[in-house]
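Student: Sequence first, predicted model second:
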Amino acid sequence: MKLLKVLVASSLLLGISTTSLFADAAKGQKAFIKFLKEPCGMDGAKFAVKHTQEEWRQIKSDGKFEDEIKRICPKYEIGSIKTNLLDNIIDFSIEFAKDSGNVPSC
């Protein structure tokens, strides 16, 4: 009985964490379309495949995401997107990186 409770709790926790991770990527996709598609001149799929998941994670941990956007999209103005939206866009980029096997619908 104890083992069953542990398994159910683990499954619930995993389900919640996976959903929240996907929610950030989904929000990031919407934010990319709204704020970056035009200045970048590309869709989110082409943007995300500029790096592998590990490269995007390193850019995120180094705090260089906005600099990388500017490098990829010269028309982008640094500071024009709120930090929470940038966090979602980086999660989107990680989720759909060139080595992820995932393809966004934007």
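Tutor: Okay, I see it.

Student: Now Gln29: closest residue in space, sequence neighbours ignored.
Tutor: Sequence neighbours aside, Phe92 is the residue nearest to Gln29 in space, at 5.0 Å (criterion: C-beta to C-beta, 6 or more residues apart in numbering). (Each C-beta comes from the backbone N, C-alpha and C, glycine too.)

Student: List the contacts of the one you found.
Tutor: Contact partners of Phe92, counting by C-beta atoms under 8 Å, 6 or more residues apart in numbering, are 24-29, 31-32, 44, 48, 104.

Student: ok, and the most crowded of those?
Tutor: If you count neighbours using other C-beta atoms under 10 Å, the busiest of those is Ala48, which has 29 neighbours.

Student: which residues touch the closest residue to that one other than its chain neighbours?
Tutor: Using C-beta to C-beta, 6+ apart and skipping residues adjacent in sequence, the residue nearest Ala48 is Phe96, 3.9 Å away. Phe96 makes contact with 25, 44-45, 48-49, 102-104 under the criterion C-beta under 8 Å, 6+ apart.

Student: got it, and Phe47?
Tutor: By C-beta under 8 Å, 6+ apart, Phe47 lies in contact with 32, 36, 40, 72-73, 93.

Student: so which strand or helix has it?
Tutor: Element membership of Phe47, judged by DSSP states H and E, is helix 44-48.

Student: So for that helix, mean pLDDT?
Tutor: Mean pLDDT, helix 44-48: 95.

Student: tell me which residues in the next helix or strand after that helix are buried?
Tutor: Sequence-wise, the next helix or strand downstream of helix 44-48 (DSSP H and E) is helix 53-62. Neighbour-count burial for helix 53-62, with 16 or more other C-beta atoms under 10 Å as criterion, is recorded at 53, 55-56, 59-60.
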